[in-house]
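Novice: Quick one: sequence and predicted model below, then my questions.
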Amino acid sequence: DAGVIQSPRHEVTEMGQEVTLRCKPISGHNSLFWYRQTMMRGLELLIYFNNNVPIDDSGMPEDRFSAKMPNASFSTLKIQPSEPRDSAVYFCASSFTRGNTIYFGEGSWLTVV
Amino acid sequence: TQLLEQSPQFLSIQEGENLTVYCNSSSVFSSLQWYRQEPGEGPVLLVTVVTGGEVKKLKRLTFQFGDARKDSSLHITAAQPGDTGLYLCAGAITGNQFYFGTGTSLTVIP
């Protein structure tokens, strides 16, 4: 299996621009997670989908952040407008609902200048 | 406020030494996991513990879940440079929604 695939791997954008991060989970997994990792705050859970439905989005920092999962094989995390404090590594991860092994992608490194 | 606190935050030791990393919380977890993350990559699962008091071994790594399922420890015997990385604990209160600890950055010097 190809694992969790994220794109882009790296993005540098200017403050105020829209950023869209993409994720393809492992085929057959029905839980999908978006995490954000920074030195200051560590790895934070932003949102959790189960069977394409958002279950818990309490970790989404503010209205500038939105996530969608239109089908079982694709999810997006959008930041609009982006701010320098959004600079971080954003990880997508997937698992089976009843499994407890979460597989992470390689992350999207976002820098907002 | 972090749900899980890890200590120490940074650790630098010589090859061959032993070390213990701690993961503490005031919450009770249904299961707890340990991950290792290398630079430029996502975390990779090492072990899952689900029963209070459970001990699991993975070669030179020993993982223990506290009796009350609020804390855990990771002990590495005779550390090697290949053990270098960021060690993360993660706890699930229900289901498979895991919350991650603050992390311990380990450097093993040859």
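Specialist: Cool, got the structure. Residues are numbered from 1 along each chain as shown, chains lettered A, B, ... in the order given.
Novice: what about residue A:19, distance to chain B?
Specialist: Separation of residue A:19 from chain B (CB to the nearest CB, to the nearest Å) stands at 19 Å. C-beta here means a position set from N, CA and C on the backbone, and glycine is covered the same way.
Novice: Over to residue A:92?
Specialist: In terms of CB to the nearest CB, residue A:92 sits 9 Å off from chain B.
Novice: what's the burial count for that residue?
Specialist: 29 (other CB atoms under 10 Å in any protein chain shown).
Novice: Per-residue pLDDT of it, please?
Specialist: Note for residue A:92: predicted pLDDT of 97.
Novice: so which strand or helix has it?
Specialist: Counting by DSSP states H and E, the element that carries residue A:92 is strand A:88-95.
Novice: just residue B:89 next, same as before
Specialist: If you go by DSSP H and E, residue B:89 is part of strand B:85-92.
Novice: With chain A in mind, check whether that strand reaches it.
Specialist: Yes - Strand B:85-92 is in contact with chain A by CB under 8 Å from any CB of the partner chain, via B:88, B:92.
Novice: before we move on, the earlier item: list the neighbouring strands of the strand holding residue A:92 plus their orientation.
Specialist: Partners of strand A:88-95 in the sheet, by DSSP bridges, are strand A:31-38 (antiparallel), strand A:103-104 (antiparallel), strand A:108-112 (antiparallel).
Novice: contacts for it?
Specialist: Under the criterion CB atoms under 8 Å, 6 or more residues apart in numbering or on different chains, residues A:4, A:6, A:21, A:23, A:25-26, A:29, A:31-38, A:43, A:75, A:77, A:101-105, A:107-110, B:42-43, B:96 lie in contact with strand A:88-95.
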